[in-house]
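Engineer: Fold the following and give me the result.
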Amino acid sequence: MRRMTSGLALAFALLVAASCGDETTASGGTASAEPSSRLTITVRESADSTGSTWTLTCDPAGGDHPDPAAACRALDKANDPFGPVSADMMCTEQYGGPQTASIEGEWNGRTVNASYERTDGCEITRWDALAAVLGPGPT
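Structural biologist: Numbering: from 1, shown residues only. Sure thing, here's the model as predicted:
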């Protein structure tokens, strides 16, 4: 009887362990049926261009973005990726190009509606932090 009880306990433990697998995604989260984030990203080369629009989902990484895994990692790594430049920030007066971008949707339960441009040093730095999401800008 003791052997049977030990065998049942071992089988139960193995069954529980197998059903609790932790499949890690490219952005470091645990895979689930529904993505935790859904974003629409639009990047324009200039004010009068139609631009490119992609969808991006994370946890798990997906959508029609050119590299969803890298984009999700960049968003995870960035410090407040959707926050604007602080009003009291001193920024270098340099022009990085006419590119603009917007990101809308939901990120980890937070509503996102952010705009990006390359009009000064702070905005260029902000863009560069999300280069895997928005594209590298001009070279």
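Engineer: contacts, neighbours, all on C-alpha from now
Structural biologist: Will do.
Engineer: residue ranges of the helices in this protein, please?
Structural biologist: 2-19, 68-77, 121-129, 131-134 (DSSP state H).
Engineer: okay, now S49: neighbour count?
Structural biologist: Burial of S49 is recorded as 10 neighbouring residues (other Cα atoms under 10 Å).
Engineer: on that earlier part again, mean pLDDT lowest where, among the helices of the chain?
Structural biologist: Ranked by mean pLDDT, those bottom out at helix 2-19, with a mean of 42.
Engineer: Mind checking the pLDDT average for stretch 82-99?
Structural biologist: 93.
Engineer: outside of it, which residues touch it?
Structural biologist: Here stretch 82-99 makes contact (Cα atoms under 8 Å, 6 or more residues apart in numbering) with 43-47, 112-114, 117-124, 126, 137-138.
Engineer: If any of these are buried, put those into a PyMOL selection.
Structural biologist: Selecting only the buried entries of the contacts of stretch 82-99 in PyMOL, with 16 or more other Cα atoms under 10 Å as the criterion:
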select buried, resi 43+44+45+112+117+118+119+120+121+122+123+124+126+137
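Engineer: Out of the contacts of stretch 82-99, which sit inside strands?
Structural biologist: 43-44, 112-114, 117 (DSSP state E).
Engineer: Verify the stated contact: P81 with L130.
Structural biologist: Yes: contact criterion Cα atoms under 8 Å: P81 and L130 qualify, at 7.4 Å.
Engineer: check contacts around L56.
Structural biologist: 37-41, 62-65, 68.
Engineer: Would you mind giving these as a markdown table with distance to V85 and neighbour count added?
Structural biologist: Output for the contacts of L56, formatted as a markdown table (distance: Cα to Cα, whole Å; neighbours: other Cα atoms under 10 Å):
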| residue | distance to V85 | neighbour count |
| --- | --- | --- |
| S37 | 23 | 19 |
| R38 | 23 | 23 |
| L39 | 21 | 21 |
| T40 | 21 | 19 |
| I41 | 19 | 20 |
| G62 | 28 | 19 |
| G63 | 28 | 17 |
| D64 | 28 | 12 |
| H65 | 25 | 22 |
| P68 | 25 | 23 |
